[in-house]
Every structure is written in C-alpha cells, then in structure tokens.
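Visitor: Whatever this is, show me its structure:
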Amino acid sequence: MSAREIAYKILKNAATGATYSNIAVDNALKKYELNELDRGFVTAVVMGVTERELTLDYIIDKLASDPNKIDQDTRVLLRMGIYQLYCLDKIPDYAAVNESVDLAPRRSRGFVNAILRSLLRARDSGKLDTIFPDESDAIAHLSVKYSFPKAFCERFISIYGFERTKKILDIFNRAPALTLRINTLKISRDDYAKLLDEKGIEYELSANLPNAIKLNKVAFSALPGFDEGYFFVQDEASQICVEALGAEEGDILIDTCSCPGSKSFGSAIRMRNKGKIYSFDLHASKLKLIDSGASRLGIDIITAAVRDGRNPDDSLLGKADRVLCDVPCSGLGVVAKKPEIRYKDLSELARLPEIQYAILEASANYVKEGGVLVYSTCTVLPEENGENVKKFLSCHPEFEPLDFAVGEKKSLGGMLDLSPDKDGTDGFFVAKMRKIK
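Guide: Down below sits the predicted model:
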C-alpha cells in the first residue's frame, strides 16, 4: 500500500469519527513498513489535512459548482490533493494531481481532476487568496485562514484580542517541537546530548529546565535510548508544572488525574526514586501506560490505581506532602498536537469547570498541614484556570497561594499562565497553594 493510500485510508476513517488522527498515524506507522520519507509524508498529510479542514472545504466549495453533491470519500480525497498543492512546497504538482485522480473512484476521477486543476490555475494566477474573507470580517477571516470554527475564534478574541489571536492560531497550525525529559536516574542531559551529537540530530537545550531537550523535524524512531529508558516525551509546560510541584526525596505524592503519567514520572525522577507516588486515574484502560512507562524508566515508587478524582481514598486523607490535581480540561492549549480539539463544540465544555472544581476540592483533602497542592490544566480558558483557583481559595482559608519560579517563568499570586506565542510552550496553567492549617 502506497503512502498516499495509507493517508487516504486514515483520513476516511477519521472523517467518521472512528479515531483521533495522531493515534491513527501512530498505529499505521507501526503496521506498515515505510521508509522515513513515506512515514513523514503520511504524518504531514494526515495531520495537515485534519488541522486545515475548514480552509480546504472552503476552497472546495468555492471551486465546485454544486458542493452539496460531493460524497464524503471524494471530499476527503480533494482535501488531500488541495493540501499538497496549496500548503506543501515539496510535492510536485503532477504527483499530487495524478495520484489523487488514481485514488478516486472511477465515477469521480474527472471531477477530482477538474477541481485540482482549477486550484492550480487560481493559485498560479494569484487569485486563490482573493476568495478568502478579509479582516473587515475578523471572525470569518480567522476561521477560514487558520481553519478554526467561528465560535473558537470569537472566544479567543475575547481573551487575547484580534492581533494576538492571529499569532496563536498561526502557531497552532505549525508542527510542534518534540520535547524530551531526560531520565537522570539513568543518564545526564549532557551525556544524552552527546548521543544526539553522535547521531547528527540537531537539538536545543531548554533554558528554563535543566533536564529538557527540544528537537525539530526529527523522526521519533531515530532517537537513541528509548528502550533503555533514557527519556520520555513531555512538553516544557508540563515539565514546568512538575518543577512547580517540587517533589523531593522521601515525599508522599498523590497525582489525582495522572494518565498518561509524565508528571508522575518527572516527579519520581526528582525524588530520585525514593518516596511514594500514588497515580490515580478514572480510566482503568489507561493505567497500563503508567505501569509500562515506569518499568521502562526504572521507576518503582509509583502505584497506579483506578479512582474518580471526586472521591478521594479515605486511607490517604491528610497524608500527602504534595498533591497534583491536573484536571481533565478542554485541551485548548494543545491544539497543535491534537488538531481535532479545534472542532469541539464549546457549548459542550460548559460543565467542565464544575467537574474540575469538584476534583480540586476533593484532592485538597489529601494534603497534610504544610503540604503543597498544585492545580493545572492544558487549556487557556479563564473559567477552567484562574477562576477555579480563586473560588477555591475564597472557600478554603486553610490554603494560601504560593509563588514559584521555574527558570525565567515566574508566577503571580501563585498562578502562571503559559502560552505558545509568548512562552514557546503548550497553552498551560499552573497554580500552587500551601496548606497552612
């Protein structure tokens, strides 16, 4: 099966809501034997078409005389072809057109050929961009240009304003860097960097985190030391959260919503694998990620168990030195990594702050006097972040905000907002509190 056929198959399944694109790509790359070039093509096309779907559909609808008659499979194929012609610069035009036509059902081949060639004429004449809404209609402009639903654009403008929203949406449409947390139980960051040098892999040492390395345009399979447990993948924002939590040797730590486990792993490494970590999660199926990850990394102080964060374990009440409450959230800070998130119905997220607050209140019961409670999310919505923390502090005078600094990143009133445009990280929120009585 060719790389284009694999990409087409993945996108057809994704169009039915069968699976997330990043998971589907990972599964396909494990299933099919592809060279690095083809692996890169499948990843780029699937993820790119998914994140630019609204833009691509807008173009299709402008070029087709009757877009309502386009069946789903043909539309998916057109998205693929137009994405290659409009968004990629290393795919020859003839290859994108001819192979798209070859993949089309016989009844659709002439139509697919006509649409793609119309796209080429419009692109090459400079007329294509004129079909997009201009900035006089700010929401429509952002929606079509950056491929985000209008409700999403409107919400972001309300938080950041128009100009900053443009920058953030543009970043969300770029391939994110891959950030590693080096497992210093087994190797130092400097020694791991030497392994990358030997492989000729370019990297950047994080300025804020002593054990983080950032990489661009590198195949994960090319990285040395995965099986040996030398690293795990963790964005800088998530690593900053772990540093803010500040686990130390001998601590009892409770991670109330832990899967897939990176914050538990990072804390265990900070603790030098001495102490105890309870990693809870609502979904039993996800706990194997923690068990297998801990085993690979050489960590044996983690106990993973099923638990609803709103119902704490009575045997651990008042016992924890540190509690991490990384609550389920809308995920609007990690759109670059999970492009389908942009298509969420924002109205369906309305109950999240209530659930998050319930988990925060329940988790606070684990903290002993003098202990630390950290609340975090990977979203940028104020109602899921600072508003929840302010409500909690107003209702719980036994806790006080605790300021912290991680490298150059400093909290204000115990709270830190991280954003992709200003911090070069995922959109993330961290709040640190101490139990004083």
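
Visitor: check which helix or strand covers residue 213.
Guide: strand 212-215 (DSSP states H and E).

Visitor: roughly how far out does that strand sit from the chain middle?
Guide: Taking Cα atoms, centre = their mean, to the nearest Å, the mean C-alpha location of strand 212-215 is offset from the chain mean by 16 Å.

Visitor: now swap in stretch 271-283 and tell me
Guide: Relative to its parent chain, stretch 271-283 has a centroid offset of 23 Å by Cα atoms, centre = their mean.

Visitor: quick one: buried residues of it?
Guide: Residues of stretch 271-283 classed as buried: 271, 273, 275-282 (neighbour count, 16 or more other Cβ atoms under 10 Å). Yep, even glycine has a C-beta here, placed from its N, CA and C like the rest.

Visitor: Determine which two of these are furthest apart.
Guide: Greatest spatial distance in the buried residues of stretch 271-283: 273 and 282, 26.3 Å, computed using Cβ to Cβ.

Visitor: pLDDT-wise, which helix or strand of the chain ranks last?
Guide: When the helices and strands of the chain are compared on mean pLDDT, DSSP states H and E, helix 21-31 comes out lowest with a mean of 84.

Visitor: I'd like to check what contacts that one. Which residues are they?
Guide: Here helix 21-31 makes contact (Cβ atoms under 8 Å, 6 or more residues apart in numbering) with 6, 9-11, 13-14, 18-19, 39, 42-43, 46-47, 50, 337-340.

Visitor: Report the buried members of these.
Guide: Among the contacts of helix 21-31, those classed as buried by 16+ other Cβ under 10 Å are 6, 9-11, 14, 39, 42-43, 46-47, 50, 337-340.

Visitor: Lowest-confidence one in these?
Guide: The pLDDT minimum for the buried ones among the contacts of helix 21-31 sits at residue 14, where the score is 82.

Visitor: who's in contact with it?
Guide: Applying Cβ under 8 Å, 6+ apart, we find residue 14 in contact with 20-21, 24, 46, 50, 340.

Visitor: any idea how the protein splits into domains?
Guide: The record's domain split for the chain, according to automatic domain parsing, is 3-158, 178-233, 240-435.

Visitor: re earlier: residues contacting the strand holding residue 213, please?
Guide: Strand 212-215 has contacts (Cβ under 8 Å, 6+ apart) with 177-182, 189, 192-193, 196, 201-206, 223, 231, 234, 236, 239.

Visitor: and that strand, what's its mean pLDDT?
Guide: The pLDDT scores in strand 212-215 average 96.

Visitor: re the thing from before, in the least confident helix or strand of the chain, what counts as buried?
Guide: In helix 21-31, counting by 16+ other Cβ under 10 Å, buried: 21-22, 24-25, 28-29.

Visitor: Distance of the closest residue to residue 425 other than its chain neighbours relative to residue 208?
Guide: Residue nearest to residue 425 in three dimensions, not counting chain neighbours: residue 237, with 3.9 Å by Cβ to Cβ, 6 or more residues apart in numbering. Per Cβ to Cβ, to the nearest Å, residue 237 is found 10 Å from residue 208.

Visitor: and those two? which has more neighbours close in?
Guide: Neighbour comparison, residue 237 and residue 208: the larger count goes to residue 237, with 25 against 17 (by other Cβ atoms under 10 Å).

Visitor: okay, that one: pLDDT?
Guide: 97.

Visitor: got it, and residue 135?
Guide: So, for residue 135, pLDDT stands at 92.

Visitor: name the element it belongs to?
Guide: Residue 135 belongs to no helix or strand when assigned by DSSP H and E.

Visitor: Now do the contacts for it.
Guide: residue 141.

Visitor: Got phi/psi on it?
Guide: Residue 135 adopts backbone torsions of phi -70, psi -10, taken as degrees, to the nearest 10.

Visitor: How much space separates it from residue 144?
Guide: 11 Å.

Visitor: for residue 422, same thing?
Guide: In terms of Cβ to Cβ, residue 422 sits 26 Å off from residue 144.

Visitor: When these two are compared, which one has more neighbours?
Guide: Per other Cβ under 10 Å, whichever of residue 422 and residue 144 has more neighbours is residue 144, with 20 against 11.

Visitor: hang on, the more buried one in a helix?
Guide: Yes - looking at residue 144 with DSSP: H, G, I helix; E, B strand; the rest coil, it is inside a helix.

Visitor: Report the separation between it and residue 243.
Guide: The spacing between residue 144 and residue 243, counted by Cβ to Cβ, is 40 Å.
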